[in-house]
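J.: Give the three-dimensional model of this entry:
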Amino acid sequence: MSIKIKVKDDKMPGAPQEPPKTKVKLDIRKTLDGNFIIQDHPYIDIIISPSKNKILVLSTLSMDDKTYYTQNKYLDFLYKRGVIDPSTIQAGNIYASMEAAIPQTEEKVDPIEVIIFSTALFMDNERPSFEYERQMRREQDDYLTDPEEEDSTELGEVPQKARQGSIGTAAYSINKHYNIAYLGEQKEKK
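T.: Sure thing, here's the model as predicted:
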């Protein structure tokens, strides 16, 4: 049993065949060896390597849950738009990196342009969340460095108490007892 699918051509007869003109705004640089580095996201840097047919997604600072989640989300975004093959997604040879192969196409479409355009769409989708996080960090810093009158006290306003905190001051408090017992076992083993 075969299935036939017809794709309707929406081109009007006699209409000029111009490619669509789209501009994207990214923090992108071209390296000496022809790679493109995109550094718009606070958690990841994206390297598009046309010579190796590879996309490499690096961590900007260090590996944590947000970084891996963002790397995975970006590659999943490209996969769902048909830009990359999901079977090529794997860990990279650089610590905290992921990579995917750029598929070869028989169409008259430059895959690098498609990846850069798709990356711009991804950044546009992600921008509100990392702008919100940046604003929350600013507000937290302002709250700690310049608190409101009701959230701060002058030196000497806080009354002293006989017992403060969670660590006792007695010679044999529970916490100290366990430390002595632990250290005593260590000394006996020697």
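J.: who does the helix or strand hosting residue 118 touch, helix- and strand-wise?
T.: Following DSSP states H and E, one finds residue 118 within helix 111-145. Counting by 3 or more CB pairs under 8 Å, 6 or more residues apart in numbering; DSSP states H and E, the packing neighbours recorded for helix 111-145 are strand 36-38, strand 44-49, helix 65-80. C-beta coordinates here come from the backbone N, C-alpha and C atoms, glycine included.
J.: Which strand residues bridge residue 47?
T.: As for beta bridges, residue 47 partners with residue 37, residue 56 under DSSP bridges.
J.: Tally up the residues packed near it, please.
T.: Using other CB atoms under 10 Å, residue 47 has 20 neighbouring residues.
J.: so who does the spatially closest residue to residue 117 that is not a sequence neighbour touch?
T.: Leaving out its chain neighbours, the residue that sits closest to residue 117 by CB to CB, 6 or more residues apart in numbering is residue 24, at 6.1 Å. Contacts for residue 24 (CB atoms under 8 Å, 6 or more residues apart in numbering) come out as 116-117, 120.
J.: now those as TSV including distance to residue 29 and neighbour count?
T.: Converted to TSV, the contacts of residue 24 look like this (distance: CB to CB, whole Å; neighbours: other CB atoms under 10 Å):
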residue	distance to residue 29	neighbour count
116	12	17
117	17	15
120	15	18
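J.: Using CSV, lay out these together with pLDDT and distance to residue 62.
T.: Formatted as CSV, these follow (pLDDT from 0 to 100; distance: CB to CB, whole Å):
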residue, pLDDT, distance to residue 62
116, 91, 27
117, 91, 30
120, 92, 26
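J.: For those, give me a markdown table that also has distance to residue 145.
T.: Output for the contacts of residue 24, formatted as a markdown table (distance: CB to CB, whole Å):
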| residue | distance to residue 145 |
| --- | --- |
| 116 | 40 |
| 117 | 41 |
| 120 | 36 |
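J.: and which of the residues you listed is nearest to residue 43?
T.: In terms of CB to CB, no member of the contacts of residue 24 lies closer to residue 43 than residue 120, at 17.0 Å.
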